[in-house]
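J.: Predicted structure and sequence below. I'll ask about it afterward.
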Amino acid sequence: MERRYNTIKGPRAVAPMFLKNNRRIAALITVICLALLIFCLIERQVRLVIAPHIKLDGLYAGRPAKPTGRLIFEALARLRLIPAVNGQPPGIPQPPPLQARLLDLLGVDPTRPR
């Protein structure tokens, strides 16, 4: 996880935050670290499932690429969730092939998102 801190370092397009006490600062750092952990675990899961292959087809500009957390989240960013209405469960409309493959690698059923 140490090498993943470059993901949260550097310039970001965020509004400045002024936290009034140390508890809030610690809470914010905890949330950031948990998000980084989830980021790393998703990358690790995809890499473990596709092993012994190193690259995943179509991940980077339609070409094979080594799955990184950033590329995985960029590919999944266009997913849409249909909210639950009238007793119907929420669902993901038919995802494109790459998104469907990533969901399958992560063990997510598009018809029953958690």
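T.: Cool, got the structure.
J.: what ranges do the strands span in this protein?
T.: Using DSSP state E, the strands of the chain run over residues 56-60, 63-65.
J.: Flag the shaky bits of the chain, pLDDT-wise.
T.: Scanning the chain for pLDDT under 70 picks out the ranges 1-15, 113-114.
J.: any idea where the helices of it begin and end?
T.: For the chain, applying DSSP state H gives helices covering 22-50, 69-76, 97-105.
J.: Now do the last one: which elements does it pack against?
T.: The elements that helix 97-105 packs onto, with contact taken as 3 or more Cβ pairs under 8 Å, 6 or more residues apart in numbering; DSSP states H and E, are helix 22-50, strand 56-60, helix 69-76. Glycine gets a C-beta too; all of them are placed from N, C-alpha and C.
J.: how about the first one: buried residues?
T.: Spelled out, that is helix 22-50. 36, 39, 42-43, 46-47, 50 (16 or more other Cβ atoms under 10 Å).
J.: Let me have the residues you listed in TSV, extended by distance to residue 90.
T.: Formatted as TSV, the buried residues of helix 22-50 follow (distance: Cβ to Cβ, whole Å):
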residue	distance to residue 90
36	27
39	23
42	20
43	25
46	23
47	28
50	28
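J.: between those residues, which is nearest residue 112?
T.: Using Cβ to Cβ, the shortest approach to residue 112 within the buried residues of helix 22-50 belongs to residue 42, at 18.8 Å.
J.: tell me the contacts of the closest one?
T.: 69, 72-73, 106 (Cβ atoms under 8 Å, 6 or more residues apart in numbering).
J.: Among those, which one sits closest to residue 32?
T.: Using Cβ to Cβ, residue 69 comes nearest to residue 32 of these, at 14.3 Å.
J.: For residue 75, see how far away that closest one is.
T.: According to Cβ to Cβ, to the nearest Å, residue 69 and residue 75 sit 11 Å apart.
J.: Which one's more surrounded, those two?
T.: Between residue 69 and residue 75, residue 75 has the larger neighbour count (other Cβ atoms under 10 Å), namely 21 against 18.
J.: Relative to residue 33, how far out is the more buried one?
T.: Note on residue 75: its distance to residue 33, by Cβ to Cβ, is 24 Å.
J.: same deal with residue 47?
T.: 21 Å.
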